[in-house]
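S.K.: Next one to model:
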Amino acid sequence: LFTQPFFGNLADRIGRKPVFIYGAVSSAVFMPLYLLSMESGNTLLQFALSVVVFSCGYAAANAVWPSFYSVMFSARVRFSGLAIGTQLGFLMAGFAPSIVAAIGGLQPGGWVATSIFTAAICAVASVSALTARETCKVPTAELGLREPAKV
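M.R.: So this is what the prediction gives:
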């Protein structure tokens, strides 16, 4: 409720790219602690870590991905590019529970395999974002073009 608007505002000031990368990296770092807490049986710890993971980590990437992804495409193909790209990503994410179950994430201590899987996905997202062009100060008409106009 509070952190997504904060991260959106931060992205308006420093750019979507660093906020998205922070969200992916922090999710990879916080997730093992959160998953480990599930085995602890300590409800207060589980609650506190869920707030940290989802409000201080995941919320950053979640707050900016729609605008970050959409500006990767020119206006001519923006809707299709965003729609096809995100739907393919959502399709793959739908298999994540099956993948986690197959690698042993449902067994005691399975949080380790799940954490490694999560970190790998977050690393792919971070590297992908690192290769993207920052568009924070790019005029709307130039979004998605290979080379912005020289000012």
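
S.K.: Please count neighbours and contacts with C-alpha atoms only from this point.
M.R.: OK.

S.K.: how about the helices of the chain, start to end?
M.R.: Ranges of helices within the chain are 3-14, 16-40, 43-51, 59-70, 78-93, 96-102, 111-131, based on DSSP state H.

S.K.: name the helices or strands packed onto the fifth one?
M.R.: By that I understand helix 78-93. Contacts defined by 3 or more C-alpha pairs under 8 Å, 6 or more residues apart in numbering; DSSP states H and E place helix 78-93 against helix 59-70.

S.K.: Likewise for the first one?
M.R.: Here helix 3-14 is seen to pack against helix 16-40, helix 59-70 when contacts are counted using 3+ C-alpha pairs under 8 Å, 6+ apart.

S.K.: can you put those helices in JSON lines and add mean neighbour count and mean pLDDT?
M.R.: Formatted as JSON lines, the helices and strands packed on helix 3-14 follow (neighbours: other C-alpha atoms under 10 Å; pLDDT from 0 to 100):
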{"stretch": "helix 16-40", "mean neighbour count": "21", "mean pLDDT": "95"}
{"stretch": "helix 59-70", "mean neighbour count": "21", "mean pLDDT": "93"}
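
S.K.: buried stuff in the helix or strand bottoming out on mean pLDDT in the chain?
M.R.: Least confident helix or strand, the chain: helix 78-93 with a mean of 91, by mean pLDDT, DSSP states H and E. Neighbour-count burial for helix 78-93 flags R78, G81, L82, T86 (criterion: 16 or more other C-alpha atoms under 10 Å).

S.K.: Grab the most central residue of the protein for me.
M.R.: With distances taken as C-alpha atoms, centre = their mean, A61 lies nearest the centre of the chain, 4.0 Å away.

S.K.: tally of neighbours for A120?
M.R.: 13 (other C-alpha atoms under 10 Å).

S.K.: Good, wrapping up.
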